[in-house]
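**Student:** Just need the structure, nothing else, for what follows:
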Amino acid sequence: MQFKFAFVFSLLTSALAAPCDVDTRGLSKRALSAQSYSQFQVSSGVGGNALAEVQAKFPVDENNLASVSAADLAIIKAARQTAEDAETKAGGFNEAIKAAGGTKTTAGAALQVGKIKNKVLKLKLFTLAMQIEQAKGGKDNSAKIAEETKKLNKNIELDKAAAGQKSTSVNFQGTSQP
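**Tutor:** Next up, the predicted model:
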């Protein structure tokens, strides 16, 4: 009797432990988590590598944008809005540059390099969000993507021209929380 029980129990547990095929092609994986602006900003350090810094902070498979989760898309959109606010709102780059005496001062010049890096962040996230929406079957964003990509490329070039120059961020309060 104990032998039968042990035999049946072992069959049962081995069946439960057996690998099974699950189709995960339609499932999207989360790559991002909500963070404060100070955690996802790229304006600190030096100029010259803003695009790579943005891609490291927002590791999205750009070869398979349709697989980006809705939650990750919401984080990208929220981070883009926060990056824009960090440029234009109170406590942001524009205000800080003015308070530093403009871009001709040492502090203002470093803030300007940071502002350009922040623009790369903002524009990359904006184009990425539109590309994801389009890849998921949303409306055709091609014209707007082309327009924003032109702005992005201009700011990438400005960042590269500032390679090695000190870059300063602002202590802006914001988040990528949707």
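
**Student:** Report the central residue of the chain.
**Tutor:** With the centre of the chain defined as its mean C-alpha position, the nearest residue by Cα atoms, centre = their mean is residue 58, 3.3 Å away.

**Student:** I'd say it and residue 78 touch.
**Tutor:** No: taking contacts as Cβ atoms under 8 Å, residue 58 lies outside contact range of residue 78: 11.7 Å. Just so you know, the C-beta spots here come from the backbone N, C-alpha and C atoms, and that holds for glycine as well.

**Student:** which stretches of this structure form strands?
**Tutor:** Taking DSSP state E as the criterion, the chain carries its strands at 45-46, 166-167.

**Student:** could I get those strands as JSON lines with mean pLDDT, mean neighbour count and distance to residue 85?
**Tutor:** Shown next, in JSON lines, are the strands of the chain (pLDDT from 0 to 100; neighbours: other Cβ atoms under 10 Å; distance: least, Cβ to Cβ, whole Å):
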{"stretch": "strand 45-46", "mean pLDDT": "98", "mean neighbour count": "15", "distance to residue 85": "21"}
{"stretch": "strand 166-167", "mean pLDDT": "98", "mean neighbour count": "21", "distance to residue 85": "19"}
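
**Student:** how about residue 148, what does it touch?
**Tutor:** Residue 148 sits next to 123, 126-127, 130 when contact means Cβ atoms under 8 Å, 6 or more residues apart in numbering.
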